[in-house]
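Asker: Just the structure for this:
(2 chains)
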Amino acid sequence: MKLESKAPQGPLAEKWTKHKFNVKLVNPANKRKYEVIVVGTGLAGASAAASLGELGYNVKAFCFQDSPRRAHSIAAQGGINAAKNYQNDGDSVYRLFYDTIKGGDYRAREANVHRLAEVSVNIIDQCVAQGVPFAREYGGTLANRSFGGAQVSRTFYARGQTGQQLLLGAYSALNRQIANGKVKMYTRTEMLDVVLVDGKARGIVTRNLVTGKIESHSAHAVLLATGGYGNVFFLSTNAKGSNVTAAWRAHKKGAFFGNPCYTQIHPTCIPVTGDHQSKLTLMSESLRNDGRVWVPKVAKPGLRAKDAAGIAEDDRDYFLERKYPSFGNLVPRDVASRNAKYMCDEGRGVGQTGRAVFLDFADAIKRDGRNVIEAKYGNLFDMYKQITGDNPYEMPMMIYPAVHYTMGGLWVDYNLMTTVPGLYALGEANFSDHGANRLGASALMQGLADGYFVIPYTIGNYLADMKAGEKISTDLPEFKEAEKQVNERISKLLSIKGKKTVDHLHRDLGHIMWEYCGMSRTDAGLRKAKGKIQELKKEFWNNVNVLGGSGELNQELEKAMRVADFIELGELMVDDALNRSESCGGHFREESSTPDGEAQRKDDEFMYVAAWQYTGEDQPEVLHKEELIYETVKPTQRSYK
Amino acid sequence: MKITLKVWRQKNNTSKGAFKVYQAEHVSEDMSFLEMLDVLNNELVVKGEDPVAFDHDCREGICGMCSLYINGRPHGPQQTTTCQLHMRTFKDGETITIEPWRAKAFPVLKDLVVDRTAFDRIQQAGGYVSINTGGVPDGNAIPIPKKIADEAMDAAQCIGCGACVAACKNASAMLFVSAKVSQFALLPQGQAERKERVEKMVAQMDAEDFGACTNTGACEAECPKGISLTNIARMNREYFVASLTSYEVQAKGDGA
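Answerer: Below is the predicted model:
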C-alpha cells in the first residue's frame, strides 16, 4: 500500500485555500442525515464535536471521565501560539510555519504545518469570542509572551491555566450543542474497539464504566481525539487515565501508526521522590524565561535546595548558558532534557536521588522584584511548594525531565483520515504536525486547529460520497463480532487471577521504556528492551490479578485493559526507535551524534514518516514510508549554540 | 508513618454503605493522599480484597475529578484538591476518615465515586456564549480592561470539583453556578445573553435539587481554587435584575 499524503499541489501558502475550495460539500439540508462519532473531549474532540454539531451533523461524543471538561488538555499551563504579530516583532504565518518545521527537526509535512500556522490566528479570535479570559494589557488588548525558545512573542495565555480556559471554552461550545440536541454526550464510557463494515469505519464498541455494559454505536464516520500515549512510561505528566487503547484498537483494525518512537521529554518537571510515585508534575516551561538552570561544578551528593545558596557563584555550572550561549536556558525541550540527564549521569545531580538539577530564580527576583515574579509564576510556585514542601521564592526549584507529549500517533493524510476510510485522528492522537519534536505552546494550537478549522471542512469531502441517511444497524454481524471479542478479552483478564497487580506490571513496563527507550537510545539497549517487553507481555497474560466482575464499576479492569495495550505499543515504539538509527528531535540515538554530542540527523536515509501496519498477533509489524518532500524549506542542522 | 483509615465502602448506588477500617503501614510523608490510597489498593488486591474506588485523573489539581471528604472537610485539611494534599500534612498514628461527597444531587456510584453530571446539565442550560465556529471578529477588536479580564479569570478558574456543594450544609451549588455567571456577566462577550443565562442556569440548579445558599461561606472557605463569595452576590444581583427586566427580551421571542 502506498501512503498518499493527499497534500494539495501548488504554492505552499495557497494549498489550504485551494483545498477548501476543492473539497466536496454536504448540502446543508442533508447534514442532519449524517452521524459522526467523536471519541475524546479534549481540545480536539470537544472543538470538533461542537463545530460539527453547529454545522448540522448529528454527533455522538464519548469520554471516559465523568465530564467532558476533565480531559487532560485542561492541564496545559503555558499558552497557545498564534501568528497574530500583535507585538509588531516580526512574526508571520510563514515564521510560525518555519519555526514549527525547524523545531520538529524536519520530520513534519510542510503542507500540514503551514495550514496549522494559517489557522492559528482564527483560533485566538474564536476563543476570545467564546469568552476565554486571556491575559490582557492595560489598554485592553491581548497580552503575549515569548515561549520555549521562540524569538518572537506569539504565545497567548490565561495565567498558568491556558489549557483549562481553552478547554472550558470548547466545553461551553460543546454544551451548547448538547443543549440543542445536536450532540449526544456519553460520559464514563470507554471506547474498546472500532467497527469496520465493508472496509469503512462505521462505529465503535464501548463499555459503560459504571454498569459495565458493552454497547455498539454506529455512524457514518468515526473521529478519534483520544490524546497521546505518554503513560506507556507509567510515570509521565499525563493524567492517570490517559491511554492508547482507542488508538491501538484502531491500529489493530488497520490504521497505521506513525512515528511511535517520537516522544517528548519535558525538561522542567518535579523529580521522583520514591516508589510510590504515581505521576510527574510539570512546571511550565515559561519558568525557563526567568529561571537559571545549574548544578554544582563539583559533585555534591545529596545537596538539598535549601543549602543551594551556600554554593558560591564560581562553583556553579550554569550548563545550558555555558554550552548554548545564544539560547541559554531557552534551548528546545529535548536539548534541555538531555543535558540535565548528562549532568546527573556525571554525578553532579542534586537532591536525595541525584536525579535533579536546580532551576534558580534568585537573580530574577533580585532584578525584577518578588512582585513581578509572583505575578508571572505565582500559581506555579504555589504548586511547587504544595508538592515538595520547599518554597521557591527562598530556594531554587529542583527539576528533572519527564515524559510529556507524544508526537507519534495514528498516521493521517492531509484530511486527517487514517488508513482506514472514515476513521479520523485529531490532536495528539495523530502523528501529524510536530515532526520529531513539538515546540512549546503548539499542542493546544494543533488540537484546536484540527477540531475547529480542519475537520469541519475535510470530513465533508468523505461524507459527500456516502449516501445520506445510509444508516446501519448495530445488529450487523460486524458489530456483534467486535462485541464478542471485547467480552472475551474482559473474561480472559478476569480469569487469570495471578499474583501481580496491574500497577506493578505497568510500572515494570515503564522502567523498561524509560531505561532503554527514553531520553537516549542505543541499538543494544533497544534490542534488550524488545526481549524484556515480550517477556512482560507473557507475564501479564499469565500472572495479572484483576479482581471484581465485568458488570460493575471496576477500576482495576479499566487499568488492565489499558496496560495490555500499552505493552503492545511499547514493543512497537522500540521497533520504530531501532529502525530509525538517526537522531532527530526528541528521538536521540547515541550512535548518531556529532563529535560534540549533539543530535545528528541522517536526511538521506530517514527523511520519511515511519507508518507501521499491524499484521497479526505476535507478528512483526510492516513498515511503510511516507517520504517527506521539502518544497519550500531547506533542512539545516539545528544549532542553538 | 502509620495511618488508620476509616473508608466509606458502598457497592453501588442502590446498596447501603458502611465504614471499613484499614491500616496503612508504610506511608511516606512525600506521598500524595491519592498515592497513599494507591498503595492501600495494591495491598488490597494482593490480599484478594476489592480495592477502594475513587475518582482521580490529572493529579495536578486542575481537572477537578478527584473528590473525597477527608476528616469532615472536602479535599481534606488544606485548601487544595485531594491530589495535591500530601501526607506530610498528617501525623504519624492518625486516624483519617474518608467519605464521598454527600449531596442529594451527587448520588454515590461506588465507594467514594459520585455522579456529578448535574454540574454539566447546569452548564448546558446556559454556560456559554452562543456563537458558532468561524465568523468572529479579530481578538483585539474586543478590548477588555485588564482588571475586568483578571476578575473574569478569577471566576473562570473553577474546576467543577463540587467541593463547594460538599462543604455546604444545604448542598448548595451557588458558588459553582455563580462562577460561570460572573465570568460572562463581566465580559463584553457575555452581554447579549446575560439575562437569559442567569435565569436558565439558576432554574437548572434548582431542578437538580441543590439546596439554597446558607450565606455561611463554607463553600469559599473550602474551594481549592479560591473562588470568591463575591460571585454569589453578583449572581444574586444578576438574577434579580433579570427577573425584573428579562420579559422585555422574552416578549419578542425567547432570545435563545
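Asker: what does the stretch 101-250 of chain A put close to chain B?
Answerer: Within the stretch 101-250 of chain A, the residues that sit near chain B (C-beta under 8 Å from any C-beta of the partner chain) are A:122, A:124-131, A:133-142, A:158-159, A:161, A:163-165, A:168, A:171-173, A:175-176, A:178-179, A:185, A:187, A:210, A:237, A:239-241. Yep, even glycine has a C-beta here, placed from its N, CA and C like the rest.
Asker: Run a quick neighbour tally on the closest residue to A:Asp360 other than its chain neighbours.
Answerer: In this structure, A:Asp360 finds its nearest non-sequential neighbour in A:Pro396, 3.9 Å apart by C-beta to C-beta, 6 or more residues apart in numbering or on different chains. Residues within reach of A:Pro396, counting by other C-beta atoms under 10 Å in any protein chain shown, total 23.
Asker: Please apply the same query to B:Tyr247.
Answerer: Neighbours of B:Tyr247 under the rule other C-beta under 10 Å: 10.
Asker: Pretty sure B:Gly93 sits against B:Gln23.
Answerer: No - using C-beta atoms under 8 Å, B:Gly93 is not in contact with B:Gln23; the gap is 10.9 Å.
Asker: Give me the common contacts of those two.
Answerer: Common contacts of B:Gly93 and B:Gln23, defined by C-beta atoms under 8 Å, 6 or more residues apart in numbering or on different chains, comprise B:Lys2, B:Ile3, B:Thr4.
Asker: What distance do you get for the residue nearest to A:Asp360 to A:Thr245?
Answerer: According to C-beta to C-beta, to the nearest Å, A:Pro396 and A:Thr245 sit 39 Å apart.
Asker: And A:Gly181, by the same measure?
Answerer: Per C-beta to C-beta, A:Gly181 is found 29 Å from A:Thr245.
Asker: Am I right that A:Ala309 is in a strand?
Answerer: No - secondary structure of A:Ala309 (DSSP: H, G, I helix; E, B strand; the rest coil): helix, not part of a strand.
Asker: so what's it closest to, chain neighbours aside?
Answerer: For A:Ala309, ignoring the flanking residues on the chain, the nearest one in space by C-beta to C-beta, 6+ apart is A:Met395 at 6.9 Å.
Asker: Could you pull up phi and psi at that neighbour?
Answerer: Per-residue torsions, A:Met395: phi -150, psi 160 (degrees, to the nearest 10).
Asker: How many neighbouring residues does B:Ala53 have?
Answerer: Around B:Ala53 there are 21 residues (other C-beta under 10 Å).
Asker: what about it, distance to A:Glu558?
Answerer: When B:Ala53 is compared with A:Glu558 (using C-beta to C-beta), they lie 10 Å apart.
Asker: A:Ser218 now?
Answerer: Taking C-beta to C-beta, one finds A:Ser218 at 24 Å from A:Glu558.
Asker: still on that earlier bit, could you tell me which of the shared contacts of B:Gly93 and B:Gln23 count as buried?
Answerer: Buried members of these, scored by 16 or more other C-beta atoms under 10 Å in any protein chain shown, are B:Ile3.
Asker: Could you list which of the shared contacts of B:Gly93 and B:Gln23 belong to strands?
Answerer: B:Ile3, B:Thr4 (DSSP state E).
Asker: Can I get the shared contacts of B:Gly93 and B:Gln23 in JSON lines including pLDDT and distance to B:Leu34?
Answerer: Output for these, formatted as JSON lines (pLDDT from 0 to 100; distance: C-beta to C-beta, whole Å):
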{"residue": "B:Lys2", "pLDDT": "97", "distance to B:Leu34": "19"}
{"residue": "B:Ile3", "pLDDT": "98", "distance to B:Leu34": "14"}
{"residue": "B:Thr4", "pLDDT": "98", "distance to B:Leu34": "18"}
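Asker: quick revisit: shared neighbours of B:Ala53 and A:Glu558, which are they?
Answerer: Common neighbours of B:Ala53 and A:Glu558, using C-beta under 8 Å, 6+ apart, do not exist here.
Asker: Could you give the average pLDDT over the host helix or strand of A:Thr206?
Answerer: Take DSSP states H and E as the rule and A:Thr206 turns out to sit in strand A:200-208. Across strand A:200-208, pLDDT averages out at 98.
Asker: Centre of the chain to it, how far?
Answerer: 23 Å (C-alpha atoms, centre = their mean, to the nearest Å).
Asker: again, but for stretch A:87-105
Answerer: 20 Å.
Asker: Same question for stretch A:592-602.
Answerer: The chain centre lies 26 Å from the centre of stretch A:592-602; the measure is C-alpha atoms, centre = their mean.
Asker: repeat for stretch B:76-88
Answerer: 15 Å.
Asker: same deal with stretch A:11-19?
Answerer: So, by C-alpha atoms, centre = their mean, the centroid of stretch A:11-19 is 27 Å from its chain's centroid.
Asker: hey, which helix is longest across the chain?
Answerer: Chain wasn't specified; assuming chain A. helix A:555-579 (DSSP state H).
Asker: nope, chain B please
Answerer: Determined from DSSP H, the single longest helix within chain B is helix B:230-245.
Asker: What mean pLDDT does it get?
Answerer: 97.
Asker: what comes into contact with that helix?
Answerer: Where contact means C-beta under 8 Å, 6+ apart, the residues beyond helix B:230-245 that reach it are B:155, B:174-175, B:177-179, B:181-182, B:185, B:194-196, B:198-199, B:202, B:213.
Asker: who's in contact with A:Ser92?
Answerer: A:Ala83, A:Asn85.
Asker: do the same with the one 4 residues further on
Answerer: Residues in contact with A:Leu96, defined by C-beta under 8 Å, 6+ apart, are A:Asn81, A:Ala82, A:Ala83, A:Ala117, A:Ser120, A:Arg154.
Asker: Can you tell me the closest non-neighbouring residue to the second one?
Answerer: Read it as A:Ala82. Distances taken as C-beta to C-beta, 6+ apart place A:Ser120 nearest to A:Ala82, at 4.1 Å, with adjacent residues excluded.
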